[in-house]
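A.B. asks: Next come a sequence and a model predicted from it.
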Amino acid sequence: MTLAVRVIPCLDVANGRVVKGVSFVNLRDAGDPVEAAARYEAEGADEVAFLDIAAAHEKRGTLVDLVGRVAEALSIPFTVGGGVRSVEDADALLRAGADRVTVNTAAVEDPSLITRLAERFGAQCVVVAIDGKRLRDPKGLAVMRVTTHGGRRPVDRTVTSWAAAAAAAGAGEILLTSVDADGTQAGFDLEMLRAVRAVVDVPIVASGGAGRLDDFAKAVLIGRADAVLAASVFHDRVFTVGAVKEAMRRAGLAVRPAPARARTLLPRYDENGLVPVIMRDVETGKVLTLAWANADAIAKTRETGLAHFYSRSRKVLWRKGETSGNIQRVAGISLDCDDDAVLYDVRPTGPACHTGADSCFTRVESFDALDLPAASAGADGLDLTDLFAVVRDRKESPVTGSYTNQLFDDGIARIAQKLGEEAVETALASVTGDGNALAGEAADLLYHLAVLLTARGVAPGDVSAKLAERRGAARRKKP
């Protein structure tokens, strides 16, 4: 076992997007690989793996251009696999920015590929991925068999015999994935890990099945893996890389510390030692509720992964859902730019509000119910014509150093992220600031909305038309 156990988020990629499924099927979109890779490095990942899971099945090479873009976003080791069938394929990926290459299907079909890669690039650059699945033999016994083509085709080799042969051929590491466990979140396949460890001395990366924080430590302590790899629990923000490392550290394992920025979020508490906390549904982006926390509540949230707060009336620490059962699992903790407000991205298991509503913010003054004039301007109105004109001009005639042009260059996903951040800031200002602060945050929100609409080619007139339609519908509903 290595001195420090590596934690590796995996980007399973198909059609240029991160995907995730269960036992290699029923794939769903899980985001942009470049953005995901950068986020995982910021969280403290030791390495990022990129597996083009459709390359072998589609008989094509790995997406080299996409690999290059991901590599540019990383400063940590980057392992790439999927569709590597020759020394030339591996060379192209390494030149694109990969640090190591993974071979699977092609190596099973021609084991000499492993030796040729090791001789050309060194064994440390060669990772053999083994996708194992339990299948019944003629006597009805379950045997751990090797599968290829993204887990689609079983071959007549056992996992252990192939692992031993791959190591003997020059593999510097084994990436062992249990097809049975993959995506189930029921835990790593400890039996398969131990079986492979019994026949190889090279490092083993455990893959497939992580669902609880203690699963990662078990893969090392019981399965005797040297590194742990996961996908869906990271993509879905069930856990952060930092949370996994902390759990492994508490289990007595050596892990590399996360970057200082990822480890240390220090809110600026008020004179009572409190900070406001906004809860946001990580799946929908919906703001759920506002509560207050002290340092102990923040620490307890980090320790347990469940939202904890401080009651200003009862003067006690409390966990969300401790009486109702409607807990909130925290996927991430963020600070605003001034460090005086906290955002919990959560996965709620029930209503967030004590009234039984999904959100405490239900009393909304809706535009649908307002009989607004067709145009509002002047001191008593809000005219966004100039704002949209400036934003449109920046898009058509870029200006060096312009923040608006920087947003356009960053792309739709980044603009949408900024809009979400401004929405949270506006919500915070509505409950913690004065009218002037709320107006300022609302202005930032409208600006970023204008940039997003312009980037998507949606004209302000299109929005006005929708509002007019809804006003008409509201009038028709009146008795």
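C.D. replies: Cool, got the structure.

A.B. asks: For residue 342, give me its contacts.
C.D. replies: 267, 275, 276, 277, 278, 293, 298, 333, 334, 335, 336 (CB atoms under 8 Å, 6 or more residues apart in numbering). Every residue, glycine included, has its C-beta placed from N, CA and C.

A.B. asks: which one of those residues is nearest residue 238?
C.D. replies: Closest approach to residue 238 among these (CB to CB): residue 333, at 14.2 Å.

A.B. asks: Which pLDDT value goes with residue 286?
C.D. replies: Note for residue 286: predicted pLDDT of 86.

A.B. asks: I should have written residue 383 there, sorry.
C.D. replies: pLDDT recorded at residue 383 is 74.

A.B. asks: What count of nearby residues applies to it?
C.D. replies: As a burial measure, residue 383 scores 10 neighbours (other CB atoms under 10 Å).

A.B. asks: residue ranges for the strands of the stretch 1-150 of the chain, please.
C.D. replies: With DSSP state E, counting those that start in this stretch as the criterion, the stretch 1-150 of the chain has strands at 6-14, 17-22, 25-31, 48-52, 78-81, 100-103, 126-136, 142-148.

A.B. asks: correction: the stretch 151-300 of the chain
C.D. replies: Secondary structure of the stretch 151-300 of the chain (DSSP E, counting those that start in this stretch): strands at 153-158, 173-178, 204-207, 227-230, 275-281, 287-293.

A.B. asks: what would these look like in JSON lines with mean neighbour count and distance to residue 428?
C.D. replies: Shown next, in JSON lines, are those (neighbours: other CB atoms under 10 Å; distance: least, CB to CB, whole Å):
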{"stretch": "strand 153-158", "mean neighbour count": "14", "distance to residue 428": "53"}
{"stretch": "strand 173-178", "mean neighbour count": "26", "distance to residue 428": "43"}
{"stretch": "strand 204-207", "mean neighbour count": "28", "distance to residue 428": "40"}
{"stretch": "strand 227-230", "mean neighbour count": "26", "distance to residue 428": "32"}
{"stretch": "strand 275-281", "mean neighbour count": "22", "distance to residue 428": "6"}
{"stretch": "strand 287-293", "mean neighbour count": "22", "distance to residue 428": "8"}
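
A.B. asks: circling back to that earlier point, which one of the contacts of residue 342 is nearest to residue 111?
C.D. replies: residue 333 (47.0 Å).

A.B. asks: wait, what's in contact with the closest one?
C.D. replies: For residue 333, the contact set (CB under 8 Å, 6+ apart) comprises 265, 298, 301, 302, 342, 343, 344, 345.

A.B. asks: first vs last residue of stretch 34-50, how far apart are they?
C.D. replies: 10 Å (CA to CA, to the nearest Å).

A.B. asks: ok, and for it, which residues are buried?
C.D. replies: 34-41, 43-50 (16 or more other CB atoms under 10 Å).

A.B. asks: measure the residue nearest to residue 430 when sequence neighbours are not counted to residue 291 for me?
C.D. replies: Residue nearest to residue 430 in three dimensions, not counting chain neighbours: residue 438, with 5.5 Å by CB to CB, 6 or more residues apart in numbering. Distance of residue 438 to residue 291, computed by CB to CB, to the nearest Å: 20 Å.

A.B. asks: mind listing what residue 49 touches?
C.D. replies: Contact partners of residue 49, counting by CB under 8 Å, 6+ apart, are 8, 9, 10, 11, 79, 80, 81, 102, 175, 229.

A.B. asks: quick one: which of these is most hemmed in?
C.D. replies: In terms of neighbour count, residue 80 stands highest of these at 31 neighbours, by other CB under 10 Å.

A.B. asks: so that one bridges to which residues?
C.D. replies: For residue 80, the beta-bridge partners under DSSP bridges are residue 50, residue 101.

A.B. asks: so it touches residue 98, yeah?
C.D. replies: Yes. Using CB atoms under 8 Å, residue 80 is in contact with residue 98, at 4.0 Å.

A.B. asks: Mind listing the shared neighbours of the two?
C.D. replies: Residues touching both residue 80 and residue 98 by CB under 8 Å, 6+ apart: 50, 67.

A.B. asks: Skipping adjacent residues, who's closest to residue 153 in space?
C.D. replies: Once flanking residues are discounted, residue 153 sits nearest to residue 147: 6.0 Å by CB to CB, 6+ apart.

A.B. asks: which residues of the stretch 301-450 of the chain score low on pLDDT?
C.D. replies: Applying pLDDT under 70 to the stretch 301-450 of the chain flags residues 364-381.

A.B. asks: What ranges does it have for its strands?
C.D. replies: Using DSSP E, counting those that start in this stretch, strands in the stretch 301-450 of the chain cover 308-311, 316-319, 328-335, 342-348.

A.B. asks: Which stretches in the stretch 251-400 of the chain count as helices?
C.D. replies: Under the criterion DSSP state H, counting those that start in this stretch, helices of the stretch 251-400 of the chain are mapped to 260-263, 295-304, 385-396.

A.B. asks: phi, psi of residue 454?
C.D. replies: Backbone torsions for residue 454, taken as degrees, to the nearest 10, come to phi -70, psi -40.

A.B. asks: Ok, residue 411 next?
C.D. replies: According to degrees, to the nearest 10, residue 411 has phi 100, psi 170.

A.B. asks: just to revisit the earlier point, closest one to residue 444 among the strands of the stretch 301-450 of the chain?
C.D. replies: The nearest among the strands of the stretch 301-450 of the chain, by CB to CB, is strand 342-348 at 15.8 Å.

A.B. asks: Report the distance from the closest one to the chain centre.
C.D. replies: Relative to its chain's centre, strand 342-348 lies at 14 Å (CA atoms, centre = their mean, to the nearest Å).

A.B. asks: report the angle between the axes of it and strand 328-335?
C.D. replies: 160 degrees (axes from the mean of the first three to the mean of the last three CA atoms, to 10 degrees).

A.B. asks: List the strands paired with strand 342-348, with their directions.
C.D. replies: For strand 342-348, pairing defined by DSSP bridges yields strand 275-281 (parallel), strand 328-335 (antiparallel).

A.B. asks: Need the CA coordinates for stretch 396-416. PDB is fine.
C.D. replies: C-alpha atoms of stretch 396-416 as PDB (Å, rounded to 0.1, in the frame of the first residue of the first chain):
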ATOM      1  CA  GLU A 396     -21.200  42.000 -31.300                       C
ATOM      2  CA  SER A 397     -18.100  44.300 -30.600                       C
ATOM      3  CA  PRO A 398     -15.900  42.800 -27.900                       C
ATOM      4  CA  VAL A 399     -13.900  45.200 -25.700                       C
ATOM      5  CA  THR A 400     -10.600  44.100 -24.200                       C
ATOM      6  CA  GLY A 401     -10.800  43.700 -20.500                       C
ATOM      7  CA  SER A 402     -14.600  43.800 -20.400                       C
ATOM      8  CA  TYR A 403     -16.200  41.600 -17.700                       C
ATOM      9  CA  THR A 404     -19.200  41.000 -20.000                       C
ATOM     10  CA  ASN A 405     -16.900  39.700 -22.700                       C
ATOM     11  CA  GLN A 406     -15.100  37.500 -20.200                       C
ATOM     12  CA  LEU A 407     -18.500  36.000 -19.300                       C
ATOM     13  CA  PHE A 408     -19.300  35.400 -23.000                       C
ATOM     14  CA  ASP A 409     -15.900  33.700 -23.400                       C
ATOM     15  CA  ASP A 410     -16.400  31.500 -20.400                       C
ATOM     16  CA  GLY A 411     -19.600  30.100 -21.900                       C
ATOM     17  CA  ILE A 412     -23.200  29.400 -21.000                       C
ATOM     18  CA  ALA A 413     -22.500  27.100 -18.100                       C
ATOM     19  CA  ARG A 414     -20.400  29.700 -16.300                       C
ATOM     20  CA  ILE A 415     -22.900  32.500 -17.000                       C
ATOM     21  CA  ALA A 416     -25.700  30.300 -15.600                       C
END
